[in-house]
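In: structure for the following, please:
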Amino acid sequence: MAADGVADQLAQANLQDGAAANGAPVAPYSASYGRSTIKTLLLAPDGGKSMVGQTLRIGGWIKTGREAGGGAWAFLEVNDGSCFDNLQVMIDKEVAEPVGGLKKLVPTGTCVLIEGMLAETPEGTKQAVELKARQVLHLGPCDAATYPMAKKKQSMEFLREKAHLRARTNTIGAVARIRNALAFATHTFFQQQGFYYVHTPIITASDCEGAGEMFQVTTLLGKVEEGNQLAAAALPADELQQLRDQVTAQGVAVKDAKAAAAADKANTELAAAAKAAVDTLLSLKRQLAEAEEAALWVGGIKRTPTGEIDHSQDFFSRPAYLTVSGQLQGEYFASGLSNIYTFGPTFRAENSHTSRHLAEFWMIEPEIAFCDLVDDMRCAEDYVRFCCQFVLDRCMPDLQFIVKMIDKEAINRLQHVASSSFTRCSYTEGIELLQEAVAKGHDFEDKNIHWGMDLGTEHERYLAEVVFKQPVIVYNYPKHIKAFYMRLNEDGKTVAAMDVLVPKVGELIGGSQREERLDVLEARMKEMNVAVDDAYLDLRRYGSVPHAGFGLGFERLIMFATGIENIRDVIPFPRWPGNVAF
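Out: Modelled structure (predicted):
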């Protein structure tokens, strides 16, 4: 039934404002349909009992439907995504007949807008209320024979192939609401703590991580056809060299002709010959210039004389990339606003197919002026604990489903983190604990535990899950395994860096106190062969301030909260090598 048909029915029934008049809560931007969200009914303090007897409308998608009473009526489980639970709707066949009968309504995936009276359910029923249908105002049919989201449980791999429909499933719906709550918690925490939200650019010319695995942004590929036409005029290498030799020889001929004409100025034939030689030389030079220009176009893209891509022809006139981090720009604004945070997409062109990596992911990155590593660690801890409590307060039905179907420890883990202080452990102490574990027979995949190594996920999780049994912040890492911008400690061997390690995930947060001393920063950049925009050094030249910050991979926070094993299942539309669907 088309939207216009729905409006006509509503107008005919003169009920466009009826639900609101009766006192039932109407979704503010569904007022023309008079629709109430299921959340406002089922998550009301009394489970919706105070609205029993009222006429209202609910709209959503059928999770399950079954006919009963020999086809006299049907029970529909309707979900609109506003909460985990479905609202049961009881509908008689007479009510269903105008839209094709009960068989049109019961298939999973069918979209409905139903008006009815809210009624109390019998004692002992799971939900306090149900809807007794009086009229079907919208029907979006769903062919059960071809609809891919069957009632049976489906694999996460299959659901990724149906990302346009998977939000209707219990698991992805629950994860989406938890993701939303964690995003809301992020803004709430930092805003309450006096931080300013800064939008850092997605397109950048800098690689602040120094990883080199970046997506390039270019318009050159759009000019390949034009470039191929120019390249078609290019001479073979031997002919190009012959042309260069001709120019050289003609240059000698011009020199000789001019000398002869100068020696006999009265000879007009010599003067004419000299002029002709010059004209020939100029013509040859034009031909050579055109040939050499054509030779620079390789594969439809212009190169420099040294063979590199000529970015002067590109949109930004220099190499540009999708950002891997907003940290550098965050530091710029923290040097004027004091406390800022970024929250946006970042990109990494890493050819990884593991369950922990995405090509596009979201990062939260605060930067704090007049902040050292101790303050930085405290901020990271407070933020994570705030997020855990926020989800416990806002998403309990979703978490209860997660506990039942995915990770039985999810709620306990969140409660434990929300109520416990994080342990602090130096990198050196962490290495010693791991070495003790190996000595006692623990079987790490990488058993070569030594000072100076970069901890793997298995080591991080062992510290968090086995040794401390809670989140732990490891700090003061060897300088050679960390980035150039991290503040060098007095020992000259370590930097003021920290990682927050949590059960189920491993590293959740990576951060550091930034190097604010210009001479030390320049020495570190030289030592690590790193170059950055001069603007980054200007922060140290003009009013340098001690500052610190950290980065949190948002999807990893969701994995920690839900126990979902694969990062591709905690972001709506995952991107990984070979996949950019939807």
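In: next helix or strand past the strand ranked longest in the chain?
Out: Longest strand in the chain, counting residues (DSSP state E): strand 55-68. Heading C-terminal from strand 55-68, the first helix or strand you meet, by DSSP states H and E, is strand 73-79.
In: determine the set of other helices and strands touching the longest strand of the chain.
Out: Packing partners of strand 55-68 (3 or more CB pairs under 8 Å, 6 or more residues apart in numbering; DSSP states H and E): helix 18-21, helix 38-42, strand 73-79, strand 87-92, helix 102-105, strand 111-120, strand 129-140. For every residue, glycine as well, the C-beta is placed using N, CA and C.
In: do that again at 6 Å, thanks
Out: strand 73-79, strand 111-120 (3 or more CB pairs under 6 Å, 6 or more residues apart in numbering; DSSP states H and E).
In: give the buried residues for the last one.
Out: Within strand 111-120, the residues that qualify as buried by neighbour count (16 or more other CB atoms under 10 Å) are C111, V112, L113, I114, E115, G116, L118.
In: list the contacts of it.
Out: 51-52, 54-55, 57, 59, 61, 89, 129-138, 140 (CB atoms under 6 Å, 6 or more residues apart in numbering).
In: the first one now?
Out: By CB under 6 Å, 6+ apart, the residues outside strand 73-79 that reach it are 60, 62-67, 86-87, 89-92, 102, 106.
In: now it: average pLDDT?
Out: Across strand 73-79, the average pLDDT comes to 97.
In: can you check the longest one too?
Out: Confidence over strand 111-120 (mean pLDDT, whole number) is 96.
In: could I get it in PDB with only the CA atoms?
Out: Taking Å, rounded to 0.1, in the frame of the first residue of the first chain, the C-alpha atoms of strand 111-120 are listed here in PDB:
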ATOM      1  CA  CYS A 111       6.000  -4.200   7.300                       C
ATOM      2  CA  VAL A 112       2.800  -3.000   9.100                       C
ATOM      3  CA  LEU A 113       1.200   0.000  10.600                       C
ATOM      4  CA  ILE A 114      -1.600  -1.200  12.800                       C
ATOM      5  CA  GLU A 115      -4.100   0.700  14.900                       C
ATOM      6  CA  GLY A 116      -5.700  -1.000  17.900                       C
ATOM      7  CA  MET A 117      -6.500  -0.900  21.600                       C
ATOM      8  CA  LEU A 118      -3.800  -1.600  24.100                       C
ATOM      9  CA  ALA A 119      -4.900  -4.500  26.400                       C
ATOM     10  CA  GLU A 120      -3.400  -6.100  29.500                       C
END
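In: chain center to it, what's the gap?
Out: Strand 111-120 has its average C-alpha position 38 Å from the chain's average C-alpha position, going by CA atoms, centre = their mean, to the nearest Å.
In: that one to strand 129-140, inter-axis angle?
Out: Between the axes of strand 111-120 and strand 129-140, defined by axes from the mean of the first three to the mean of the last three CA atoms, to 10 degrees, the angle is 160 degrees.
In: in its sheet, which strands sit next to strand 111-120, and in what direction?
Out: Sheet partners assigned to strand 111-120 using DSSP bridges are listed as strand 55-68 (antiparallel), strand 129-140 (antiparallel).
In: the spatially closest residue to G506 that is not a sequence neighbour and A369, how far apart?
Out: Distances taken as CB to CB, 6 or more residues apart in numbering put E460 closest to G506, at 3.7 Å, once the chain neighbours are dropped. E460 sits 29 Å away from A369, going by CB to CB, to the nearest Å.
In: which one of these two is surrounded by more residues?
Out: E460 (23 against 19; other CB atoms under 10 Å).
In: my guess is that one contacts E507. True?
Out: Yes. At 5.4 Å, E460 counts as touching E507 under the criterion of CB atoms under 6 Å.
In: joint contacts of the two?
Out: Joint contacts of E460 and E507 (CB under 6 Å, 6+ apart) are L501.
In: select only the buried ones of the contacts of strand 111-120 in PyMOL?
Out: Command for PyMOL, covering only those of the contacts of strand 111-120 found buried under the criterion 16+ other CB under 10 Å:
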select buried, resi 51+54+55+57+59+61+89+129+130+131+132+133+134+135+136+137+138
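In: so V474 makes contact with C425?
Out: Yes. With contact defined as CB under 6 Å, V474 reaches C425; the gap is 5.4 Å.
In: the two - which one has more neighbours?
Out: Legend: neighbour count by other CB under 10 Å for V474 and C425, higher for V474 (25 against 19).
In: pretty sure the more buried one is in a strand, no?
Out: Yes. Membership of V474 in a strand is supported by DSSP: H, G, I helix; E, B strand; the rest coil.
In: so what's it bridging to?
Out: The bridge-partner assignment for V474, based on DSSP bridges, gives C425, D499.
In: tell me the pLDDT of it.
Out: 98.
In: contacting residues for it?
Out: C425, Y427, G430, D499.
In: ranking by neighbours, what's the top pick from the residues you listed?
Out: Going by other CB under 10 Å, G430 tops those with 26 neighbours.
In: at which residues are the strands of the stretch 101-250 of the chain located?
Out: Per DSSP state E, counting those that start in this stretch, the stretch 101-250 of the chain carries strands over the ranges 111-120, 129-140, 196-197, 203-204, 216-217.
In: over to the stretch 301-450 of the chain?
Out: Going by DSSP E, counting those that start in this stretch, the stretch 301-450 of the chain shows strands at 301-302, 320-322, 339-347, 360-369, 423-426.
In: and stretch 447-459, end to end?
Out: Taking CA to CA, to the nearest Å, stretch 447-459 runs 10 Å from one end to the other.
In: chain center to it: distance?
Out: So, by CA atoms, centre = their mean, the centroid of stretch 447-459 is 28 Å from its chain's centroid.
In: list the buried residues of that stretch.
Out: Those would be I449, L455, H459, for stretch 447-459 by 16+ other CB under 10 Å.
In: now that stretch: mean pLDDT?
Out: 95.
In: same thing with stretch 175-185?
Out: 98.
In: same question, stretch 263-274
Out: 90.
In: check what pLDDT the closest residue to A276 other than its chain neighbours gets.
Out: Setting aside the residues directly before and after it, A276 is nearest to A257 in space (CB to CB, 6+ apart), at 8.0 Å. As predicted, A257 sits at a pLDDT of 91.
In: name the element A257 belongs to?
Out: Using DSSP H and E, A257 falls in helix 237-263.
In: and that helix, what does it pack onto?
Out: By 3+ CB pairs under 6 Å, 6+ apart, helix 237-263 packs against helix 268-295.
In: circling back: out of the strands of the stretch 301-450 of the chain, flag the one nearest A150.
Out: Nearest to A150, of all the strands of the stretch 301-450 of the chain, is strand 360-369, at 29.4 Å by CB to CB.
In: sorry, back to before: TSV for the strands of the stretch 301-450 of the chain, including distance to D375 and mean pLDDT?
Out: Listed next are the strands of the stretch 301-450 of the chain as TSV, based on distance: least, CB to CB, whole Å; pLDDT from 0 to 100:
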stretch	distance to D375	mean pLDDT
strand 301-302	48	90
strand 320-322	31	95
strand 339-347	11	97
strand 360-369	7	97
strand 423-426	13	97
